[in-house]
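Enquirer: Sharing a sequence plus its predicted fold:
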Amino acid sequence: MEEVKILKEENVPVKSRVWVSAADGGVAILQTIIGGGALTYYFTRVKLLDLGLASLVLIIFGIWNMVNDPIFGYISDRTRHKLGRRIPYIRYGGPLIGISYILCWINWPGSESNQIMLFLQFLIFLFFYDTLYTAVATSLYVMPFEMAISNKARGSIFIWKVLFSVIANLLPLIVIPIIQPGPGDDPTTYQIINMFLGGFVGVLVFLSSFFYKEKHFLLKEEKVPFLHSLKNTFKNQSFLIFEVLSFTVIYIQSGLMFGLFYYLDEIDLVSPIDPMLFLFGFLFIGIFIGLILFVGKGSKLGVKNSLRIMMGTFSICCFIILFFGRFLITTAIGFIGIGLGLAGGLYLIPLMNGDVIDKDEDMTGERREGMYAGVNSFITKFAISLAQTVFLTIIATFGYNASLPQGSQSFDAETGIIIGWMLVPAILLLICFLVLHWYKLSGSEWQKVKQRLAELHKNKEIQILKQLGYE
């Protein structure tokens, strides 16, 4: 009974939940567009950058993240600013990430029909955007863990994050294929829309930072050396299992939109209505089912069981599209599972991450959200690069010709699109379903640990507030 009392006492104001989630969703829209492959598609199909050079950019991009993300996570854990550990990066990084996003879409002099200039433009501005994205998105990602300790309180934030994340993930999926230019089309309107979006998100993120705050005691925690912190991160077995799932979810989110562009371009789906609208209708059905199941019934099922349902269903539906993706009805059935998986990934993965960080604190006595977010970001952004690189490699192997008009690819190239789109996700999801067997952060014993941490944080916060003159 005491556990229930402690967890119910923790409360996060509605305005804080909404603003941090809106800012996170805004940045996620930019990342869904770039990480989902729209920028890569733009450079390869509209600007006609060579597929090999585009893949090289993505490989370099992935290597940069091997260094960039864990180091920033460590730096943010050690930041001691009057605004907190994370908010300075959100407030001052917000406008900068908006500007860097805008620069990705500008026509720079000398870049037209020049493969080297296109390669450099794609590489340099993706580099600047991604560096700022790391600073802002990592800070926003860990804010719920800075704001609350119990899954109940965190869940009240994640519900809002799910709502905004659904918008962030689905809006580009729906809008980008409609407005995206193809080879030979005038891209001006498309560029202007993306520039406006970058400016809007930059302002949104900046304003949001005035509506939530971090817990005071976390600013006073002693910080451990980088290598020691990194070593302890990988000693956490639950974190390794989490990373298998997190990698898979981000790989799929990136590859889903990227592959969808090519799928809708080339696969002739017989339908009395627009095939894209038909598929998205089934996708929304899956999302609705997922929200009811995981948000509405998740407390009874538990995070682990909910994840196994999600991963198993998602995997089966990817296999359905893999084998029957030339038929609209079977693909639509598969999209129900994709929608359920997207909803589950947006809600359950953050909850799982919070438990993993709590487990680390229970093991080491340290609170290191930034390091965990940085390492996770390194792995997941490698997944983004890998998803697009693997897809481009597979379709090239099957004879895809980027210079052909839409709907002109060979039968083999169409097959390559379906395989590149669904084979790896189906296998990864099956692996996730299996490895969850070894995930131990569930049941009554784990709830006792959560109770102890909640009481510890509560006492630390009271002591720090007293030191600052608050009674």
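Expert: Happy to help now that I have it.
Enquirer: Please make it C-alpha for all contacts and neighbour counts, starting now.
Expert: Will do.
Enquirer: In a strand, I427, correct?
Expert: No: note on I427: no strand contains this position according to DSSP: H, G, I helix; E, B strand; the rest coil, which reports helix.
Enquirer: all numbers from here: first residue = 20
Expert: Sure, I'll start numbering at 20, so the last one becomes I446.
Enquirer: Could you verify my assumption that it touches C336?
Expert: No: counting by Cα atoms under 8 Å, C336 is not a contact partner of I446; they are 11.4 Å apart.
Enquirer: How many neighbouring residues does I212 have?
Expert: Residue neighbour count, defined by other Cα atoms under 10 Å, stands at 13 for I212.
Enquirer: tell me which element it is part of?
Expert: Counting by DSSP states H and E, the element that carries I212 is helix 207-227.
Enquirer: Return that helix as CSV; C-alpha atoms alone will do.
Expert: Extracted in CSV, the C-alpha atoms of helix 207-227 (Å, rounded to 0.1, in the frame of the first residue of the first chain):
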residue,chain,number,x,y,z
THR,A,207,10.7,25.2,-55.1
THR,A,208,7.4,24.8,-53.2
TYR,A,209,8.8,21.7,-51.5
GLN,A,210,11.9,23.6,-50.4
ILE,A,211,9.9,26.5,-49.0
ILE,A,212,7.6,24.2,-47.0
ASN,A,213,10.6,22.6,-45.4
MET,A,214,12.3,25.9,-44.6
PHE,A,215,9.1,27.2,-43.0
LEU,A,216,8.9,24.0,-41.0
GLY,A,217,12.4,24.4,-39.7
GLY,A,218,11.8,27.9,-38.5
PHE,A,219,8.5,26.9,-36.8
VAL,A,220,10.1,24.1,-34.9
GLY,A,221,13.0,26.3,-33.8
VAL,A,222,10.7,28.8,-32.2
LEU,A,223,8.5,26.1,-30.7
VAL,A,224,11.5,24.4,-29.0
PHE,A,225,12.8,27.7,-27.6
LEU,A,226,9.4,28.7,-26.1
SER,A,227,8.8,25.3,-24.6
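Enquirer: quick revisit: who's more crowded, I446 and C336?
Expert: For I446 against C336, the residue with the higher neighbour count under other Cα under 10 Å is C336, and the figures read 22 against 15.
Enquirer: State the distance from the more buried one to A73.
Expert: C336 sits at a distance of 30 Å from A73 (criterion: Cα to Cα, to the nearest Å).
Enquirer: ditto for S40
Expert: 33 Å.
Enquirer: Which of those two has more residues huddled nearby?
Expert: Neighbours around S40 and A73, counted as other Cα under 10 Å, are more numerous at S40. The numbers are 27 against 22.
Enquirer: and the closest residue to R105 other than its chain neighbours, how many residues sit next to it?
Expert: Setting aside the residues directly before and after it, R105 is nearest to S158 in space (Cα to Cα, 6 or more residues apart in numbering), at 5.0 Å. Applying other Cα under 10 Å, we find 27 other residues in the vicinity of S158.
Enquirer: right, and S158 touches I109 too?
Expert: Yes: using Cα under 8 Å, S158 is in contact with I109, at 6.6 Å.
Enquirer: by contact count, what packs against whatever helix or strand C451 lives in?
Expert: Secondary structure here is read from DSSP H and E; on that basis C451 sits in helix 430-454. Contacting helix 430-454 under the criterion 3 or more Cα pairs under 8 Å, 6 or more residues apart in numbering; DSSP states H and E are the following elements: helix 256-285, helix 317-343, helix 388-416.
Enquirer: Of all those, which one is nearest G81?
Expert: Comparing the helices and strands packed on helix 430-454 against G81 with Cα to Cα, the closest turns out to be helix 388-416 (4.9 Å).
Enquirer: which strands and helices sit next to that closest one?
Expert: Counting contacts by 3+ Cα pairs under 8 Å, 6+ apart, helix 388-416 is packed against helix 70-97, helix 134-166, helix 245-254, helix 256-285, helix 430-454.
Enquirer: Mind listing what's buried along that helix?
Expert: Neighbour counts over helix 388-416 (16 or more other Cα atoms under 10 Å) mark 388-415 as buried.
Enquirer: What of stretch 439-447?
Expert: Residues of stretch 439-447 classed as buried by neighbour count (16+ other Cα under 10 Å): 439-445, 447.
Enquirer: same check, this time on stretch 110-129
Expert: When neighbours are counted by 16+ other Cα under 10 Å, the buried residues of stretch 110-129 are found to be 110-124.
Enquirer: Which helix runs longest in this structure?
Expert: The residue-count maximum for a helix in the chain (DSSP state H) belongs to helix 347-383.
Enquirer: same question for it, mean pLDDT?
Expert: Averaged over helix 347-383, pLDDT sits at 88.
Enquirer: Would you mind getting the angle between that helix and helix 134-166?
Expert: Note on geometry: by axes from the mean of the first three to the mean of the last three Cα atoms, to 10 degrees, helix 347-383 and helix 134-166 are set 60 degrees apart in direction.
Enquirer: for helix 347-383, packing partners?
Expert: In this structure, helix 347-383 packs against helix 170-198, helix 245-254, helix 256-285, helix 294-309, helix 317-343, helix 463-486, with contacts taken as 3+ Cα pairs under 8 Å, 6+ apart.
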